[in-house]
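>>> Let's see this in three dimensions:
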Amino acid sequence: MPRPVDELWTRVICKQPDRYIGWPTIARTKTGELLAVFSGDREGHFCPWGKTHLVRSNDDGETWSAAEVIRDSPLDDRDAGLIETARGTLLVTWFSAVAFESSPDYRDYAATLTAKVRERHLGNWVLRSEDGGRTWDEPLRVNASSPHGPVQLRDGRILYLGVGKIDGERGLVAEESVDDGLTWKVIGSVSHPPETAHRGLGEPHLVQAASGKLVALFRVGGDHMNERFLYQADSVDGGRTWTPARVTPMLGFPPHLTRLQDDRLLVVYGRRLAPFGQRACLSSDEGSTWDSDDERVVQSALDDDLGYPAAVQLADGSIISVYYQLDKAGEKTSLIGTRWRL
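Numbers count the residues shown, from 1 in each chain. As a prediction, this is how the structure comes out:
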């Protein structure tokens with residue numbers, strides 16, 4: 001049975017009155033600063049106004065800066081991912097979309113978007129900063145897209161596992177950068193298992209275990225929430241080839257993976273089936289098994305518009321998870337954080 005974590009605190013990190021916030025990621029820099037990115041200043045889940053925001057904390061999450069907009073295209077900027085590389089470069093990822101066009105509320109705005117604007121801004125992106133986020137380079141187009149972005153491997157390569165194009169068709173691509181995020185190349189792919197062919201896998205995240213093995217988890221589609229268990233694939237050659245994806249016992253999505261100080265793997269994910277909330281699970285054997293019988297409840301939620309949690313471990317061993325959900329009934333969603341211990 002799920003049990004609550006040892007919660008130290010839960011607090012609202014960012015609330016924008018009458019605006020919707022979604023899909024965050026958190027990272028801890030070498031100096032100990034916490035950074036979180038998200039899509040904010042929105043009217044709702046689908047709208048044209050999504051902007052990529054950044055907030056900072058220099059006291060282990062006790063206080064946070066006001067949100068600053070670091071990317072605002074004419075399209076809907078969604079799913080912000082974040083890492084700091086070994087060189088100290090910040091990489092923020094996102095994708096820009098036009099799904100809002102299907103809503104009559106935004107038909108007039110969609111009509112103002114020229115083909116040139118769409119071609120320039122539609123797609124998957126990486127933004128680089130070499131000065132801690134004070135200034136940002138021009139966005140770089142990439143193949144892959146996933147909510148929490150890439151990871152850096154211990155050989156120095158940056159690996160981005162996400163949804164992209166393979167020979168012009170939608171697929172799961174492994175894309176690497178060997179120059180600190182300046183250029184990217186697809187080096188591998190993950191196949192969809194037959195039972196997910198009509199539902200599809202997406203929104204992956206990966207972690208490198210102590211042995212060097214790569215462990216990736218994926219969201220699966222479908223109409224029924226009680227069937228949407230995370231799937232897993234592994235790689236022992238740095239992301240070039242992957243095992244066939246297989247179902248895990250974790251019910252929820254999407255995943256964010258972290259290797260803890262004791263080398264256990266932690267995955268956090270949102271549960272959109274009552275009881276709603278943010279969940280966590282551990283593996284002590286590099287993803288061969290997951291302790292789903294001891295699933296942790298990081299935080300409960302009022303409804304199913306929630307999730308995309310990401311987690312970092314602090315120097316004292318405690319963990320901070322950030323996620324989006326309602327703070328109070330009747331409001332729009334906020335960016336919320338929980339500090340907890342295993």
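
>>> which ones are touching the residue nearest to Val117 when sequence neighbours are not counted?
Spatial nearest neighbour of Val117, chain neighbours left out: Pro74 (5.5 Å); criterion: CB to CB, 6 or more residues apart in numbering. All C-beta atoms are positioned from the backbone trio N, CA, C, and that covers glycine. Contact analysis of Pro74 by CB atoms under 8 Å, 6 or more residues apart in numbering lists Pro48, Leu113, Val117, His121.

>>> Tell me the one of those nearest Arg341?
Checking the contacts of Pro74 against Arg341 with CB to CB, the nearest one is Pro48 at 41.1 Å.

>>> How many neighbouring residues does that closest one have?
If you count neighbours by other CB atoms under 10 Å, Pro48 ends up with 23.

>>> what about the residue nearest the centre of the chain, which SS state?
Geometric centre of the chain, nearest residue: His148, 2.4 Å, by CA atoms, centre = their mean. In three-state terms, and counting by DSSP: H, G, I helix; E, B strand; the rest coil, His148 is coil.

>>> thought it was touching Ala310?
Yes - in this structure His148 lies within contact range of Ala310 using CB atoms under 8 Å: 5.5 Å.

>>> Which residues are in contact with each of those two?
Joint contacts of His148 and Ala310 (CB under 8 Å, 6+ apart) are Thr25, His256.

>>> Next, the residue nearest to Val117: secondary structure please.
Of the three states, Pro74 takes coil under three-state DSSP.

>>> separation between it and Ser39?
15 Å (CB to CB, to the nearest Å).

>>> Same question for Val298.
From Val298 across to Ser39, the span is 21 Å (CB to CB).

>>> tell me which element Glu119 falls in.
helix 115-121 (DSSP states H and E).

>>> Looking only at that helix, what residues are buried by neighbour count?
His121 (16 or more other CB atoms under 10 Å).

>>> Output it in CSV, but only the C-alpha positions, please.
Output in CSV follows, covering the C-alpha atoms of helix 115-121 (Å, rounded to 0.1, in the frame of the first residue of the first chain):
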residue,chain,number,x,y,z
ALA,A,115,3.4,30.3,-42.6
LYS,A,116,6.8,31.9,-42.0
VAL,A,117,6.1,32.4,-38.3
ARG,A,118,5.0,28.8,-38.0
GLU,A,119,8.0,27.5,-39.8
ARG,A,120,10.4,29.6,-37.7
HIS,A,121,9.0,28.7,-34.3
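
>>> Could you look up the next helix or strand downstream of it?
Following helix 115-121 in sequence, per DSSP H and E, is strand 123-129.

>>> what's the residue lying closest to Glu286 once chain neighbours are set aside in contact with, if anything?
Nearest in space to Glu286, with sequence neighbours left out and distances taken as CB to CB, 6+ apart, is Ala209 at 4.0 Å. Going by CB under 8 Å, 6+ apart, Ala209 touches Val215, Arg259, Asp263, Leu265, Glu286, Gly287.

>>> Name the residues of stretch 56-74 that come out as buried.
Arg56, Ser57, Asp60, Gly61, Trp64, Ala67, Ile70, Arg71, Ser73, Pro74.

>>> Could I get the average pLDDT for it?
Stretch 56-74 carries an average pLDDT of 98.

>>> Find out how far that stretch is from the centre of the chain, if you would.
Offset of stretch 56-74 from its chain centre (CA atoms, centre = their mean, to the nearest Å): 16 Å.

>>> just the buried residues of stretch 56-74 now: which is nearest Glu43?
Looking across the buried residues of stretch 56-74 and measuring by CB to CB, the closest to Glu43 is Pro74, at 15.4 Å.

>>> Just the C-alphas of stretch 163-170, formatted as PDB.
Output of stretch 163-170 as PDB, limited to C-alpha atoms (Å, rounded to 0.1, in the frame of the first residue of the first chain):
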ATOM      1  CA  VAL A 163       9.800  11.800 -29.200                       C
ATOM      2  CA  GLY A 164      11.200  12.800 -32.600                       C
ATOM      3  CA  LYS A 165      11.400  11.800 -36.200                       C
ATOM      4  CA  ILE A 166      13.000   8.700 -37.600                       C
ATOM      5  CA  ASP A 167      13.100   8.600 -41.400                       C
ATOM      6  CA  GLY A 168      10.200  11.100 -41.400                       C
ATOM      7  CA  GLU A 169       8.100   9.100 -39.100                       C
ATOM      8  CA  ARG A 170       7.300   9.700 -35.400                       C
END
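
>>> Tell me where the stretch 151-300 of the chain has strands.
For the stretch 151-300 of the chain, the strands defined by DSSP state E, counting those that start in this stretch cover 151-152, 158-166, 169-177, 185-190, 201-208, 214-220, 229-235, 246-251, 253-259, 265-271, 277-283, 296-300.

>>> how deep is Ser288 tucked in, by neighbour count?
Ser288 has 12 nearby residues by other CB under 10 Å.

>>> if I look at it, how far off is Leu140?
36 Å.

>>> same check, this time on Pro244
Distance from Pro244 to Leu140, counting by CB to CB: 31 Å.

>>> Looking at these two, which is more packed in?
Under the criterion of other CB under 10 Å, the comparison of Pro244 against Leu140 puts Leu140 first, with 17 against 13.

>>> coming back round to it: let me have the contacts of Pro74 in JSON lines, adding distance to Ala315 as columns.
Below are these laid out as JSON lines (distance: CB to CB, whole Å):
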{"residue": "Pro48", "distance to Ala315": "41"}
{"residue": "Leu113", "distance to Ala315": "46"}
{"residue": "Val117", "distance to Ala315": "45"}
{"residue": "His121", "distance to Ala315": "40"}
